[in-house]
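In: A predicted structure for the sequence below; I have some questions about it.
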Amino acid sequence: MTVAWIVLALVLFSQLQWTAADPGAGLHTWDRFSKLPYPGDKAFLYDIFPEKFMWAVGTAAYSVEGAWEKDGKGKSIWDTFTRGGTRVSRGDVGSDSYHNIPGDIRALQQLGVSHYRFSLSWPRIFSNGTKESYNEKGVEYYKSLIRGLKDVKVQPVVTLYHWDLPESLQTLFGGWSNSVMVDLFREYADFCFKTFGSDVKFWITIDNPFVVAWHGYGTGVVAPGIKNDSDLPFRVGHNLLKAHAAAWHLYDDRYRSRQGGLVSMALASHWIKPSRTRQENRRACQCSLDFVLGWFARPLFVDGDYPPCMKHNLTHRLPSFTEAESVYVNGTADFFALSHGPALSFQLINDSLRFGQTEDLGLRMLLYWVRAEYNNPPIFVVESGWYGSGNTKTKDAKHMYYLKRFIMETLKAIRFDRVNVIGYTAWSLLDGYEWYREYGIRRGLFFVDFNTPDLKREPKTSATFYSKLIEKNGFPQLPENRPAQGVFPCDFVWGVAANSIQVDTTPTQFADPSVYIWNISGNGELKKVPGAQAPPMHRPRHCADYGSILQQVSDVHRIKVSHFHFSLNWSSIIPTGRVSDANETLLRYYHCFVSELHKVNVTPVVTLWHHTGKLSSLPASWEAGGGWQSEETVQAFADYARLCFQRLGTHVKLWITLNEPNDEDLEYTVGHQLLRAHALAWHVYDSEFRKAQGGKVSLVLHMDWVEPAFSFSREDVAPANRVLDFRVGWFAEPIFGRGDYPAVMRSWLQQRNNIDLFNYHLPTFSKEDQLLVKGTYDFFAISHFTTSMVYDGVEDKYTFKDKLQVQLISDVTWIMSPRRNSPVVPWGLRKALNWVNSRYKGVPIYVMANGVQEDTARFKDSLRVYYLYNYINEALKAYTLDGVNLKGYFAYAFSDQRDPGFGMYDHVQEEVILKSSLAHYKNIIHHNGFPATGAPQQQCAHAPVHSSGRYILTKQPVVGFLSLVISCMLITVCLIIYYAVKRHKLATKK
């Protein structure tokens, strides 16, 4: 084992012989990442880490050890700091690791890590900070811990100093503000190397010197809490660098040859993005990183001096290195030890250090910046992770998904950016005392119950996740993650959806009565004759007269879809609520629209009532009479449906009674009435129109997928099933199932009413209503946009659903769309389709709306292109692999005019803009899916397409007018030729 580690050390050390870095080379990082393909570069990467990648977990002595004055331990500056000011708790007990080495070892075994990073408590080894105060019992504790690690084949990564300076050194010398600390630290390091070095191959001298200097001796946020001298942090940082260099040279001179270890300093940093895309903003970002990370990294890795930005801004306030000191400090790091996390960087950066830019959590970009700025050193991420609230117990979803994100970003840095990352350390092993946050947050992978005498420990979901990830060495790609190849059936419906269409009932053909003359001798333009008007044309209106219809139909036809889905406006068609007062002009317009669609072989799919949230779309009289609560409204809806079936049904073969009525904010009594209204409308069609028209009727349910946040036990699935029953089963089960609400809904609401005295009344179906509602469908239609995750915990009150007692979250590795809480999660559609199929076996299913919002200014809408490709591919998997009876797919939406941000068309003034997604969707339709390369072309018998000639011939007035114009043009040409020839002959005779 020793030989193996010496070989590893030599290999790593050989990688350290990098040439001098190009100063400021990291500046191009922001430009590089801004040019990566979006959103493909943001997609999750399924891959594994390099062989022998080091998986670690870490702790800090003061956070977890406890036993603050036991067995000869001296006081630390944190023991003093936490007993002053406004602090209410201390780390006197922490997680009590001092008394529970076996528990720590068991936790490490459960995780399966290869390395454990922990820190030595300087005052536990030297109670007053010097070797004369050597404490045998403290040393024995660490020897026992290292022996335990060795027994389970976990390698120690040992930090000499993690912020807990002996109080006596602070009192006598002023702590790190005094250069005497350089020799005292060297003495302490010498003892540790000699005592523990034979079993330690990775040493960290000082953890996060930025926090020590800036916040310990500047802002006073952490111990020792000094904040009177604005120049003091820079003197402290200077001494920290020299102390580290002294320890490194000591190890290099005396111990490296026989112990074979590596030594570095743990440097922490935030990441920062330019607030604007200007070069000066990028320079400001560079300066921000220089003030936090470069402050210590540049002297170690570049030239033994501070970054130019610091020297320029601080001038005489910044200490200077002599030439000898620069040589002494430069190169004193065997690897780049990088810390990245909320408590150390993200929440401890002053506004002044942001330089007006925007802080971010981009670990991948930070890793690349380190690679560029310091010439690709081996990077060991020695701290990374997130946190949960102090009330979080074992279900720490936020921590788990941030951990997943940071690990995935590390993997991308390795695979895509060629960053030489050699290890990753999750923080922290245990819940403990979290410095200036005290016990207000929890960062452990293991939950510690601070209210039990033995500080009981339990693995959190983050621990289970991390252990499984280590076992697989990353995120290996599974078959379901790969794109599917294949095609949909020949009769598959391809559609596009819009919430509504543009209605302009003013005819545009022949609408201008003005008289014009043609200026033949001049510029050829038409000139209006002032005051002259043509006599009115006494003829009936034709559908071809409506320019708005022709434009919209043409735009739909261009996509090559077979179906177009849009909604009618009940309150506009019947303003008074009485069918006898129907708006004939509007009905004629809608009739023209569907008939013109039919002429270009596009089948209209028409919704009778589109739920618009708090904005009512009911006729005013019915809204005033109680809205959907009123039985009269329900009956009126059936009458309205009858009118629409009668007037439009010749061309409409798919009807939607209600679009997305399952709004979770609706009262259950309203939902009950909506179900009855749907059923009445369905029965009207079934009994009066189906035989003659041959159409189909159903409703569309909004069905975003809900995934269990954890899937480690059967209990984890219950919250997701509960949400789906309340969101989808609420309307689906009475219609497609047993004619009643889901049993889960009834039992849960009954329980909530009994316990909490809430008024969650779920109506009961009478036998008549049950017979009325059950089976009123011809297909199952859903609209689907995104996916969320749930679990039965409370972590964020703003996203906690009290009625269902579930916490909603998102996986932070998902691609985020501009719309709030709407990440792009393609596999959610496949799961939604399978849920419907498993509940209502074999039911025909249509995806009636599926789309993503994107900035309307982005005509090259790459997010929508990515979205359509991947969501349709998941639909194909549901059809070909899972046996789902999927009949059709409708992309949402048609145009930004009616559905801002969702459209495949946009309009700038009078110009129609075709976005990139339109051509992409059209291509998928053309291939009827995703046929394998080289596969024989699918043979389908297509319906005859109306030619453009036939489409024009239906407009007889237009044809007549064009014939007249052409005839006049021919006569004019003939006359011109005749007189030209005659003039030529006369000229010849003369």
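Out: Thanks, I have it. The structure displayed is predicted, hence computed values, not measured ones.
In: Specify the local secondary structure of Met265.
Out: For Met265, the assignment made with DSSP: H, G, I helix; E, B strand; the rest coil gives strand.
In: And for Thr657?
Out: Of the three states, Thr657 takes strand under three-state DSSP.
In: Not counting residues beside it along the chain, what's closest to Tyr869?
Out: Once flanking residues are discounted, Tyr869 sits nearest to His920: 6.9 Å by Cβ to Cβ, 6 or more residues apart in numbering. Placement of C-beta: from N, CA and C, glycine included.
In: List the residues that contact the one you found.
Out: With contacts defined as Cβ atoms under 8 Å, 6 or more residues apart in numbering, His920 is in contact with 865, 868-869.
In: Which element, helix or strand, includes it?
Out: His920 is part of helix 916-927, with elements assigned from DSSP states H and E.
In: ok so, going back, who wins for neighbours among the contacts of His920?
Out: Using other Cβ atoms under 10 Å as the neighbour test, the contacts of His920 are led by Leu868, with 23 neighbours.
In: I figured that residue hits Ile924, correct?
Out: Yes: the criterion here is Cβ atoms under 8 Å, and Leu868 meets it with Ile924 at 7.1 Å.
In: what stretches of the stretch 551-700 of the chain score poorly on pLDDT?
Out: 614-616 (pLDDT under 70).
In: ok, which stretches of it are helices?
Out: 570-573, 584-599, 620-624, 631-648, 668-688, 690-693 (DSSP state H, counting those that start in this stretch).
In: Equivalent analysis for the stretch 251-400 of the chain, please.
Out: Going by DSSP H, counting those that start in this stretch, the stretch 251-400 of the chain shows helices at 256-259, 279-289, 295-301, 308-314, 323-329, 363-373, 397-415.
In: Please convert the ones you listed to a markdown table, extending it with distance to Pro530.
Out: Listed next are the helices of the stretch 251-400 of the chain as a markdown table, based on distance: least, Cβ to Cβ, whole Å:
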| stretch | distance to Pro530 |
| --- | --- |
| helix 256-259 | 100 |
| helix 279-289 | 58 |
| helix 295-301 | 79 |
| helix 308-314 | 71 |
| helix 323-329 | 88 |
| helix 363-373 | 67 |
| helix 397-415 | 70 |
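In: JSON lines for these, including distance to Val487 and mean neighbour count?
Out: JSON lines is the format used below for the helices of the stretch 251-400 of the chain (distance: least, Cβ to Cβ, whole Å; neighbours: other Cβ atoms under 10 Å):
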{"stretch": "helix 256-259", "distance to Val487": "64", "mean neighbour count": "15"}
{"stretch": "helix 279-289", "distance to Val487": "47", "mean neighbour count": "20"}
{"stretch": "helix 295-301", "distance to Val487": "55", "mean neighbour count": "25"}
{"stretch": "helix 308-314", "distance to Val487": "58", "mean neighbour count": "15"}
{"stretch": "helix 323-329", "distance to Val487": "65", "mean neighbour count": "15"}
{"stretch": "helix 363-373", "distance to Val487": "37", "mean neighbour count": "24"}
{"stretch": "helix 397-415", "distance to Val487": "32", "mean neighbour count": "22"}
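In: Could you dump the ones you listed into a markdown table with distance to Ile379 and mean pLDDT added?
Out: Shown next, in a markdown table, are the helices of the stretch 251-400 of the chain (distance: least, Cβ to Cβ, whole Å; pLDDT from 0 to 100):
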| stretch | distance to Ile379 | mean pLDDT |
| --- | --- | --- |
| helix 256-259 | 20 | 98 |
| helix 279-289 | 15 | 95 |
| helix 295-301 | 11 | 98 |
| helix 308-314 | 22 | 96 |
| helix 323-329 | 20 | 98 |
| helix 363-373 | 6 | 97 |
| helix 397-415 | 9 | 97 |
